[in-house]
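Enquirer: Here you go, sequence then predicted model.
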Amino acid sequence: MTTRTDPKILAVIPARGGSKGLPGKNVRPLLGKPLIAHSIALAEQLGASVRCIVSTDDPDIAEIARRHGASVPFLRPAHFATDTAPMSGVLRHALAEMENTTGETFDVVLLLDPTSPTRTAENVLAAVNKLIASDGIDGVVSVSEPFFNPTWVGVRPTADGTLERYFDAGRGVVRRQDVQRYLRINGSFYAWLSPFVRRLESSWFDEGTHTYFEIPEAHAFSIDDESEFRLVEAVVQAGLAPLPGFATNKEEAGRA
């Protein structure tokens, strides 16, 4: 637990340029703005205690991010921008670069993936506060309860073409109400103490002790393909999920 009453927070928006699943997804338009711009808008709502940067290897992404108000103080080295590069190295690099160039020491590192745009500043700040107030905790991760419980419905095919339960915990259960509650890590946001990030090697889940901050499943999107872009747009337009800056987009459209 950090003892600071005014912890310094570094928010990192990672956006490498080499996505193969959906090329250019980080700058692909979502409801009138590049996808990354929604995370930048969210970061602006977090307050002066949060220093936000975009970590990218791509000069074009850097330019678009700056155009939407982001700070891009460096370009990420190529070896931290491959398909196999773990996020741990990206975060360690960003933290070290910022502390070396600014002379500041950050207490918390906040990860805001641009592919999870439907989140609120209130929830992110509440998660950070939970981290700061917790003893023996390295990080707080966002979770949600899926619309279905895989313990109850999860199956897998066998070699002879029949089905068997995927989770042993589901055996003998005949009512979904009797299954233990199931939560999933949804990737909306992560907050870690900086000392943990500095020593992180690969898997944050296996290397640290974490607690959680729960958000609604309807807010827990991770965009990886074209259909998910369209789904998020539909859900946001229906008023079922938040999107920083969307109201401003609508107001601007109305004045056009």
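Expert: It's in.
Enquirer: What residue spans form the domains of the chain?
Expert: Following automatic domain parsing, the chain resolves into domains at 9-145+184-255, 146-182.
Enquirer: Endpoint to endpoint, the shortest one covers what distance?
Expert: Put plainly, it is domain 146-182. Distance across domain 146-182, first residue to last, is 7 Å (C-alpha to C-alpha, to the nearest Å).
Enquirer: And stretch 137-157, by the same measure?
Expert: Start-to-end, stretch 137-157 (C-alpha to C-alpha) is 39 Å.
Enquirer: Okay, helices next: where are they in the stretch 1-150 of the chain?
Expert: In the stretch 1-150 of the chain, the segments counted as helices under DSSP state H, counting those that start in this stretch are 35-44, 59-67, 87-102, 121-133, 150-153.
Enquirer: Throw those helices into a markdown table and include mean neighbour count, thanks.
Expert: Yep, even glycine has a C-beta here, placed from its N, CA and C like the rest. Converted to a markdown table, the helices of the stretch 1-150 of the chain look like this (neighbours: other C-beta atoms under 10 Å):
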| stretch | mean neighbour count |
| --- | --- |
| helix 35-44 | 24 |
| helix 59-67 | 17 |
| helix 87-102 | 17 |
| helix 121-133 | 18 |
| helix 150-153 | 16 |
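Enquirer: Now mean pLDDT and distance to L10 too, for those helices, in a markdown table please.
Expert: Below are the helices of the stretch 1-150 of the chain laid out as a markdown table (pLDDT from 0 to 100; distance: least, C-beta to C-beta, whole Å):
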| stretch | mean pLDDT | distance to L10 |
| --- | --- | --- |
| helix 35-44 | 96 | 11 |
| helix 59-67 | 96 | 16 |
| helix 87-102 | 95 | 6 |
| helix 121-133 | 96 | 11 |
| helix 150-153 | 90 | 35 |
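Enquirer: Indicate which one of those is closest to E214.
Expert: Of all the helices of the stretch 1-150 of the chain, helix 121-133 sits nearest to E214, with 9.2 Å by C-beta to C-beta.
Enquirer: From the chain's centroid, how far away is the closest one?
Expert: Averaging C-alpha positions (C-alpha atoms, centre = their mean, to the nearest Å) puts helix 121-133 14 Å from its chain's average.
Enquirer: Repeat that for stretch 161-173.
Expert: 32 Å.
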